[in-house]
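# Provided below are the primary sequence and the corresponding predicted coordinates.
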Amino acid sequence: MKKILLSALTIFTIISCSGDDATNNENSTSSLSKEVITGYYQGETTGQTIIEYSDGKIAKESNYNSSGILNYYYSNTYNTNGALENSFIYNNDNIQIGTTKYYYDNLGRVIKREFDDNGTSYNKDITYNEDGTVTAIQSNGTVTTYYINENDLVYKEVEGNYTIEVEYDGFNPVSIMINGTRSTFSYHDTPAYINIKQNMFGNYKPNNVLRDGALDAYAQDFATKYPYKKVNQNGVEQIRYEYIFNDAGLPVKRSSYYYNELEEETEYIYQ
């Protein structure tokens, strides 16, 4: 194995693919069977998340506390177009305690999200406007407007006085502005990034942001390169990723640092 300290380039993404390497990346995605994510705080383990994949999509996600005891888990189902339809939440007694359901129009665009937490509903309705913007209205009355660029990527989110705007280089975010505060991202060129999140919500790219409405969290879902750092406007490193790749060029481990302190380690397991 070879360890690569992803240097001099960056972002805050997790897993995507490039168009030029789509075939190889799809094969890599389908062979990924599990991620084991261990959290840390000041050197101590805080817990673990295990993500299980089926046909390149997340099938189950289990969360454990620092003692290895199951807290809860998610089980996902997909519609005939391959888009996430239901995410069921179960406690450690295997009792269902919540459901998130997504609805799509005949163009494959998400139009509604319903979240039920033990009988309490939190819904979101999504409308596609004639001017190309998208409006999301939550059950509490919160209204958010989204703007989409020529690559079908959401680049701006406005909710009252709160604004997030992302600048892209192709499909890769290079900066993000949150209410006037700017951070920049850079990337490592090789090997090709594998696709995981990109294919969870069908073929309409904005679904990845619109389904939960968090541009700062999901703008990276279609990036084509591996992340290295996130740097704030004062030049201070906020996030850094280090990888170990196998001989096939696939990641087998990722270490995530937050202000130079180890925050997370991810182990990638393939079929």
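Here it is on my side, so go on. All values reported here derive from a predicted model rather than from experimental measurement. Numbers count the residues shown, from 1 in each chain.

# All the helices of the stretch 1-150 of the chain, in order from the start?
Ranges of helices in the stretch 1-150 of the chain, per DSSP state H, counting those that start in this stretch, are 22-31.

# Do a quick rundown of the strands in it.
2-4, 32-41, 44-54, 57-65, 70-78, 84-91, 96-104, 110-117, 120-128, 134-138, 143-148 (DSSP state E, counting those that start in this stretch).

# Among those strands, single out whichever gets nearest to Pro173.
Ranking those by proximity to Pro173 (CB to CB) places strand 143-148 first, at 14.4 Å. Heads up, the C-betas are built off the backbone N, CA and C, glycines and all.

# partner strands of the closest one, parallel or antiparallel?
Strand 143-148 has the following sheet partners, assigned by DSSP bridges: strand 134-138 (antiparallel), strand 154-159 (antiparallel).

# highest average neighbour count across those strands?
strand 154-159 (a mean of 19; mean count of other CB atoms under 10 Å).

# Show residues contacting it.
Strand 154-159 has contacts (CB atoms under 8 Å, 6 or more residues apart in numbering) with 134, 142-149, 163-168, 206, 209-210, 213, 215, 219.

# switch to 10 Å and redo it
133-134, 136, 138, 142-149, 163-168, 173, 176-178, 205-210, 213-216, 218-219, 221 (CB atoms under 10 Å, 6 or more residues apart in numbering).

# got the CA positions of the helix or strand just after it in PDB?
Reading on from strand 154-159 to the C-terminus, the next helix or strand found by DSSP states H and E is strand 162-169. Provided in PDB are the C-alpha atoms of strand 162-169 (Å, rounded to 0.1, in the frame of the first residue of the first chain):
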ATOM      1  CA  TYR A 162     -28.700  33.900   5.600                       C
ATOM      2  CA  THR A 163     -26.800  33.300   2.300                       C
ATOM      3  CA  ILE A 164     -24.500  30.600   1.100                       C
ATOM      4  CA  GLU A 165     -22.800  30.900  -2.200                       C
ATOM      5  CA  VAL A 166     -20.400  28.400  -3.800                       C
ATOM      6  CA  GLU A 167     -17.900  29.000  -6.600                       C
ATOM      7  CA  TYR A 168     -17.100  26.000  -8.800                       C
ATOM      8  CA  ASP A 169     -14.300  25.000 -11.100                       C
END
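
# Give me the helices and strands touching strand 162-169, please.
If you count contacts as 3 or more CB pairs under 10 Å, 6 or more residues apart in numbering; DSSP states H and E, strand 162-169 packs onto strand 143-148, strand 154-159, strand 172-178, strand 181-188, helix 215-218.

# before we move on, what SS does Asp221 have?
Following DSSP: H, G, I helix; E, B strand; the rest coil, Asp221 is assigned to helix.

# these two touch, right, it and Asp212?
No: contact criterion CB atoms under 10 Å: Asp221 and Asp212 do not qualify, at 11.4 Å.

# These two: which is more packed in?
Legend: neighbour count by other CB atoms under 10 Å for Asp221 and Asp212, higher for Asp221 (24 against 15).

# Now the buried members of the contacts of strand 154-159.
Those of the contacts of strand 154-159 that meet the buried threshold are 134, 136, 144, 146-148, 164-168, 173, 176, 205-210, 213, 215, 218-219, 221, by 16 or more other CB atoms under 10 Å.

# Point out where the chain drops to low pLDDT.
With pLDDT under 70 as the threshold, the chain has low-confidence stretches at 1-30, 190-198.

# And the most centrally placed residue in it, how far from Met200?
With distances taken as CA atoms, centre = their mean, Tyr218 lies nearest the centre of the chain, 5.1 Å away. Using CB to CB, to the nearest Å, Tyr218 is found at 11 Å from Met200.

# now Thr163, which residues is it bridged with?
Listed beta-bridge partners, Thr163: Val158 (assigned using DSSP bridges).

# so what's it up against?
By CB under 10 Å, 6+ apart, Thr163 lies in contact with 145, 156-157, 177-180, 215.

# do the same with Ser62
48-52, 70-75, 90, 92.
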